[in-house]
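Chemist: need a structure here:
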Amino acid sequence: MKTLYLDCSMGAAGDMLTAALAELLPEREKTLSELNGLGIPGVEMSWEPARKCGITGTHATVRIHGEEESEEMHEHGHEHSHKEVHEHGHEHSHAESHDHGHTHSHTHHHHSGMHEIEHIVGALPVSERIRKDILAVFGLIAEAESHVHGVPVTEIHFHEVGTMDAVADITAVCVMMDRLAPDQVIVSPVHVGSGQVKCAHGILPVPAPATAYILRDVPIYGGEISGELCTPTGAALLKYFATRFDAMPVMRVQAIGYGMGKKDFPAANCVRALLGETAAEGDTVAELCCNVDDMTAEAVGFAMETFLAAGALETYTVSAGMKKSRPGLVLHVMCREAMKDEMVALIFRHTTTIGIRESISRRYTLGRFEEKVQTLYGEIRKKTSTGYGVTREKYEYEDLARIAREQGISIREVLENL
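Modeler: Next up, the predicted model:
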């Protein structure tokens, strides 16, 4: 299984992840040229060699209208919700509450909300899948800022320079993740730093509030490094792409990338990306089954719909002969082990069985994602499954059926015209 492992023992930021992934690509200069050719307004990206603690890697720089963002560009009394450069030397995009009441003197101090972000991203010449990834990452950041500032997402505004810098980093990561196409992305526990970070309106704890919110349910730790090691942009990218957060698996490494931060620390300030092959691991599921011979077809159908709505992975029936020569069904419900007790209770509630059998199984699945594609009949959802050297694509049945009804043709004819 093609596996990407991200070592975040010194945190993560958008520029560090960009540089680490760039080092994994065989034609990185061509990729850089393509990224600069996307037409992100006012943006130019560059990748330069960098050295930390004797290790050579890459540092990614984003210039907005020829200027690299610096602390001086933001000394205008804003909240920590702006894009700032802190101790770790990472650049990251914070949003700000709309009702901050400040004025701005810098020519770039214009603000963009999610609507403007969607407009910028919508104009990029990238696939729908990449566009969806970019907006989903921005959505995580906006949700965090909304929670931190106590305002709706629609009122969250991003500082223009920070916005374009973040658009560049997030777009670069999403493009390269699509190009690398790992079957799974495993991320180490994330070192977030420790201490406090100073902003114009006071001192905040590390991790910053938005970062902490994004990294809910993610294993994080502080350590002895004083400073902010993980930024909101870095946190959102990790949260979105990670299959799971765990220790490095047994893998045959084929390529290694080092994405360097700006500041020097006693430890190498970098994200390390390792690309290679791991043995198929699969996941563990519980399969619950029971025999029923006294339920109507309608009742069985309702029960199965209820199990799926509650989170069952799969449910199906097999015809069987029961005692006293009665025809009946063996009902199977597959779920994750953590949901087993809840699913057992639902089966007893919605069926007539008085006993349930349990089997614990290991299953292997292809990675799945859905995207919308433009066709002769308008937008249609397409499902793609990948992994183990296999790729399968299938259009959403409900969309095909809708078009067939509207056009008065068969589903086969719809498929022939796509």
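Chemist: Nearest the geometric middle of this protein, what residue?
Modeler: Nearest to the geometric centre of the chain sits Tyr240, at 1.5 Å (Cα atoms, centre = their mean).
Chemist: Helices of the stretch 201-350 of the chain, start to end?
Modeler: 209-214, 232-241, 297-309, 340-350 (DSSP state H, counting those that start in this stretch).
Chemist: returning to what we had before: for Gln407, see how far away the residue nearest to the centre of the chain is.
Modeler: 37 Å (Cβ to Cβ, to the nearest Å). From N, CA and C alone the C-beta is placed, and that goes for glycine too.
Chemist: do Tyr397 as well
Modeler: 16 Å.
Chemist: quick one: the residue nearest to the centre of the chain and Leu140 touch, right?
Modeler: Yes: shown here, Tyr240 and Leu140 form a contact pair, counting by Cβ atoms under 8 Å, at 6.3 Å.
Chemist: so where is the stretch 1-150 of the chain shaky, pLDDT-wise?
Modeler: Applying pLDDT under 70 to the stretch 1-150 of the chain picks out residues 69-112.
Chemist: run the last query once more with 90
Modeler: 1, 65-116, 145, 148-150 (pLDDT under 90).
Chemist: Tell me which stretches of it form helices.
Modeler: Using DSSP H, counting those that start in this stretch, helices in the stretch 1-150 of the chain cover 14-22, 28-36, 114-122, 128-149.
Chemist: Format the ones you listed as a markdown table; extra columns: mean neighbour count and distance to Arg216.
Modeler: Listed next are those as a markdown table, based on neighbours: other Cβ atoms under 10 Å; distance: least, Cβ to Cβ, whole Å:
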| stretch | mean neighbour count | distance to Arg216 |
| --- | --- | --- |
| helix 14-22 | 30 | 20 |
| helix 28-36 | 15 | 31 |
| helix 114-122 | 16 | 20 |
| helix 128-149 | 21 | 9 |
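Chemist: Am I right that Leu238 is in contact with Cys8?
Modeler: Yes: Leu238 is within contact range of Cys8, at 6.9 Å (criterion: Cβ under 8 Å).
Chemist: coming back round to it: show the pLDDT at the residue nearest to the centre of the chain.
Modeler: With respect to pLDDT, Tyr240 scores 94.
Chemist: and it, how far is that from Asp183?
Modeler: 16 Å.
Chemist: and if you look at Ile170?
Modeler: Distance from Ile170 to Asp183, by Cβ to Cβ: 22 Å.
Chemist: Which one's more surrounded, those two?
Modeler: Ile170 (27 against 18; other Cβ atoms under 10 Å).
Chemist: Name the residues of the helix or strand where the more buried one lies that come out as buried.
Modeler: Secondary structure assignment for Ile170, by DSSP states H and E: helix 160-180. Within helix 160-180, the residues scored as buried using 16 or more other Cβ atoms under 10 Å are 160-177, 180.
Chemist: And for stretch 37-51?
Modeler: Here stretch 37-51 shows 38, 40, 43, 45, 47, 50 as buried, counting by 16+ other Cβ under 10 Å.
Chemist: Quick check: Pro209 touching Ser146?
Modeler: No: contact criterion Cβ under 8 Å: Pro209 and Ser146 do not qualify, at 11.6 Å.
Chemist: Give the bridge partners for the closest residue to Glu314 other than its chain neighbours, please.
Modeler: The shortest distance from Glu314 to any non-neighbouring residue, by Cβ to Cβ, 6 or more residues apart in numbering, is to Met334 (4.4 Å). Going by DSSP bridges, Met334 is paired in beta bridges with Glu287, Glu314.
Chemist: Thought Val285 was touching Met334, still the case?
Modeler: Yes: if you go by Cβ under 8 Å, Met334 and Val285 touch, sitting 5.3 Å apart.
Chemist: list the residues that contact both of the two?
Modeler: Leu313 (Cβ atoms under 8 Å, 6 or more residues apart in numbering).
Chemist: Report how many residues lie close to Glu416.
Modeler: Residues near Glu416, counting by other Cβ under 10 Å, number 9.
Chemist: and the helix or strand harbouring it, what does it pack onto?
Modeler: Assigned by DSSP H and E, Glu416 belongs to helix 411-417. If contacts are counted by 3 or more Cβ pairs under 8 Å, 6 or more residues apart in numbering; DSSP states H and E, helix 411-417 sits against helix 397-407.
Chemist: Tabulate the CA atom coordinates of the helix it packs on in CSV.
Modeler: Provided in CSV are the C-alpha atoms of helix 397-407 (Å, rounded to 0.1, in the frame of the first residue of the first chain):
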residue,chain,number,x,y,z
TYR,A,397,-26.8,5.7,-9.6
GLU,A,398,-29.3,8.2,-8.3
ASP,A,399,-27.9,10.9,-10.7
LEU,A,400,-28.1,8.5,-13.6
ALA,A,401,-31.7,7.5,-12.8
ARG,A,402,-32.7,11.2,-12.4
ILE,A,403,-31.3,12.0,-15.8
ALA,A,404,-32.9,8.9,-17.4
ARG,A,405,-36.3,9.9,-16.1
GLU,A,406,-35.9,13.6,-17.2
GLN,A,407,-34.7,12.7,-20.7
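Chemist: Now it: buried residues?
Modeler: 399-400, 403-404.
Chemist: got the buried residues for stretch 294-303?
Modeler: Under 16+ other Cβ under 10 Å, the buried positions of stretch 294-303 are 295, 300, 303.
Chemist: So for that stretch, mean pLDDT?
Modeler: 96.
Chemist: can you check stretch 206-224 too?
Modeler: On average, stretch 206-224 scores 94.
Chemist: What lies in contact with it?
Modeler: Outside stretch 206-224, the residues touching it (Cβ under 8 Å, 6+ apart) are 80-81, 94-95, 140-141, 143-145, 147-148, 189-197, 227-232, 235-236, 238-239, 242, 245.
Chemist: And stretch 373-392, by the same measure?
Modeler: Contacts to stretch 373-392, defined as Cβ under 8 Å, 6+ apart, come from residues 1-2, 128, 181, 183, 280, 364-372, 393-396, 399-400, 403, 407, 414, 417-418.
Chemist: Just the buried ones among those residues, please.
Modeler: Of these, these count as buried by 16+ other Cβ under 10 Å: 1-2, 183, 367, 371-372, 395, 399-400, 403, 414.
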